[in-house]
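*Asks:* got a predicted structure here, sequence first:
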Amino acid sequence: QVVLVESGGGVVQPGDSLRLSCLASGRNIKTDKMAWFRQSSGKEREFVASHGWIEGLRYYADYATPVKGRFSASRDPKRNTLYLQMNDLRIEDTAVYYCADENDGPGDSLNYKYWGQGTQVTVSS
């Protein structure tokens, strides 16, 4: 059974930083296509960042336009963990953030096989 557990959310002020973690168990995520999504109250779940592996080369990441230059996805295969470093947080970044794993299609699509339970990020002055 694959379980994804997000952590690191909290309440911060605009301009602050947070790092989210997604610990995977039941599956080795070293070469999986993974992603972060978020969902704010009353809105649909939206893509934040994807993180994948180019065979024999390196990891790559893609980002949604609203977070480019502020958020950075990374992975520690030894810890089987995906991260999302979020800098210069804004009020509009407030949402529940979800980790997702394993997708044969586009990285920004919702067609991931495994999902975490989410972690709340609240940005408030």
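*Replies:* Structure's in. What do you need? No experiment lies behind these values; they were computed from the predicted model shown.
*Asks:* now do the strands in the protein.
*Replies:* Using DSSP state E, the strands found in the chain span residues 3-7, 10-12, 18-25, 34-39, 46-54, 58-63, 71-76, 81-86, 95-101, 114-115, 119-123.
*Asks:* show residues contacting the third one.
*Replies:* This points to strand 18-25. 2-10, 12, 34, 36, 79-86, 89, 97, 99, 101, 116, 119, 121 (C-beta atoms under 8 Å, 6 or more residues apart in numbering). Quick note: C-beta positions are derived from backbone N, CA and C, even for glycine.
*Asks:* what do you get if the cut-off is 6 Å, keeping everything else the same?
*Replies:* Contacts with strand 18-25, where a contact means C-beta atoms under 6 Å, 6 or more residues apart in numbering, come from 3-8, 12, 80-86, 97, 99, 116.
*Asks:* tell me, how many residues neighbour the residue nearest to residue 110 when sequence neighbours are not counted?
*Replies:* Leaving aside its chain neighbours, residue 110 sits nearest to residue 45 (6.6 Å; criterion: C-beta to C-beta, 6 or more residues apart in numbering). By the criterion of other C-beta atoms under 10 Å, residue 45 has 16 neighbours.
*Asks:* then residue 115?
*Replies:* Neighbour number of residue 115 under other C-beta under 10 Å is 17.
*Asks:* pull the contacting residues for the nearest residue to it once chain neighbours are set aside.
*Replies:* In this structure, residue 115 finds its nearest non-sequential neighbour in residue 100, 5.3 Å apart by C-beta to C-beta, 6+ apart. Neighbour list for residue 100: 35, 112, 115 [criterion: C-beta under 6 Å, 6+ apart].
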